[in-house]
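>>> after the sequence you'll find the predicted model.
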Amino acid sequence: MKTTQRWISHLSRSAGPVLVGAALIGTLAGCAGMTPRESRNTAVGAGVGALGGALISGGDLGTTVGGAVVGGVIGNVITDDRRRR
C-alpha cells in the first residue's frame, strides 16, 4: 500500500510542471495572430499574475496558474493597439 502511495505522490509532483508547460504551449499557440505589443503585454501580465498567485497562495499550483491566466487576460485587454483603429 505504501509503495502505491509513494508512486502516486511522485507522479503528481512530476505531472504538475508537465501540465503547466502543456497549458502554456497551448495558450501561446492562440497568440499567433497578435501584434508584438499585445504579445508582450500578455506575457508580462501572465508572468506578474503567476508570481502574484504563487506569493499569495504559498506556491499552490492551481492559484499560480489562475493568476497567470487572469494576468494574461488583463495584459491583453489593456493593450491599446493604435493600428487597429
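Perfect, thanks for sending it.

>>> quick one: list the elements packing against the strand or helix carrying residue 74.
Secondary structure from DSSP states H and E places residue 74 in helix 61-77. Secondary-structure packing of helix 61-77 (3 or more C-beta pairs under 8 Å, 6 or more residues apart in numbering; DSSP states H and E): helix 2-29, helix 36-57. All C-beta atoms are positioned from the backbone trio N, CA, C, and that covers glycine.

>>> could you tell me the least trusted of those?
Lowest mean pLDDT within the helices and strands packed on helix 61-77: helix 2-29, a mean of 66.

>>> rewinding a little: what angle do the helix holding residue 74 and helix 36-57 make?
Put simply, helix 61-77 runs at 150 degrees to helix 36-57, going by axes from the mean of the first three to the mean of the last three C-alpha atoms, to 10 degrees.

>>> what lies in contact with helix 61-77?
Applying C-beta atoms under 8 Å, 6 or more residues apart in numbering, the external contacts of helix 61-77 come out as 16, 20, 23, 27, 34, 38, 41-54, 56-57.

>>> mark which of those residues are buried, thanks.
Buried positions within those, assessed by neighbour count (16 or more other C-beta atoms under 10 Å), are 34, 38, 41-43, 45-46, 48-50, 52-54.

>>> want to try a markdown table for those, with distance to residue 63 as columns?
Shown next, in a markdown table, are the buried ones among the contacts of helix 61-77 (distance: C-beta to C-beta, whole Å):
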| residue | distance to residue 63 |
| --- | --- |
| 34 | 26 |
| 38 | 25 |
| 41 | 22 |
| 42 | 20 |
| 43 | 19 |
| 45 | 16 |
| 46 | 14 |
| 48 | 14 |
| 49 | 10 |
| 50 | 9 |
| 52 | 9 |
| 53 | 4 |
| 54 | 7 |
